[in-house]
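Engineer: When you get a sec, could you give me coordinates for this:
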Amino acid sequence: NVSDKPQNARRTAVASGVVVLGPVAYPLVAHNALAKGNALAVAELAGVMGAKQTSALIPLCHAVALSDVQVELALEPERHSVRVRATASAVGPTGVEMEALTAVSVAALTLYDMAKGASKAIRIERVHLEAKSGGQSGDYARSTTAE
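Structural biologist: Just a heads-up that it's a prediction; the model follows:
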């Protein structure tokens, strides 16, 4: 029940994760050489779409009128991986942590789906909330020493 919470509070959340593609799939993703097409562009779009569908995917999660969703994918050649980072923002009575986490998860799963023909050893790791602002519980920033 969020009826007693302020309706005009600005909420922002940042989440991230890593998709370890490995030495076979990584160059195909990095050089846009997958049979399915541009995995990075498709994953970015999928992450945004996923954030907008969070309440349909997570039971009891409130529908949120998102004002902004940004999904960024960064190649990490030394680890043969892609870092996924999502920022979700809204003005309303409930937070957007789940939307940011869902954006990262859906983007990561999309990368997996697009590259699985090249390698089945792809791993999705370390999906977590980095920070959030606004709301009754206050601001949060994950420390670098957090487990």
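Engineer: ranges for the helices of the protein?
Structural biologist: 22-30, 39-52, 54-57, 97-115 (DSSP state H).
Engineer: Check the offset of the last one from the chain's centre.
Structural biologist: Spelled out, that is helix 97-115. 5 Å (CA atoms, centre = their mean, to the nearest Å).
Engineer: got the buried residues for it?
Structural biologist: Judged by neighbour count using 16 or more other CB atoms under 10 Å, the buried positions of helix 97-115 are 97-112, 114-115. Placement of C-beta: from N, CA and C, glycine included.
Engineer: Using CSV, list the CA coordinates for stretch 80-98.
Structural biologist: Presented in CSV, the C-alpha positions along stretch 80-98 are these (Å, rounded to 0.1, in the frame of the first residue of the first chain):
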residue,chain,number,x,y,z
HIS,A,80,35.7,-11.0,-22.4
SER,A,81,32.6,-9.5,-20.9
VAL,A,82,30.0,-6.7,-21.1
ARG,A,83,29.1,-4.5,-18.2
VAL,A,84,25.4,-3.6,-18.1
ARG,A,85,24.3,-0.6,-16.1
ALA,A,86,20.8,0.8,-15.9
THR,A,87,19.4,3.9,-14.3
ALA,A,88,15.6,4.3,-13.7
SER,A,89,13.8,7.4,-12.6
ALA,A,90,10.3,8.3,-11.7
VAL,A,91,8.2,10.8,-9.7
GLY,A,92,5.8,9.0,-7.4
PRO,A,93,5.1,7.1,-4.2
THR,A,94,7.3,4.1,-4.7
GLY,A,95,10.9,3.4,-5.6
VAL,A,96,12.4,2.2,-8.9
GLU,A,97,15.0,-0.3,-7.7
MET,A,98,13.1,-3.2,-9.2
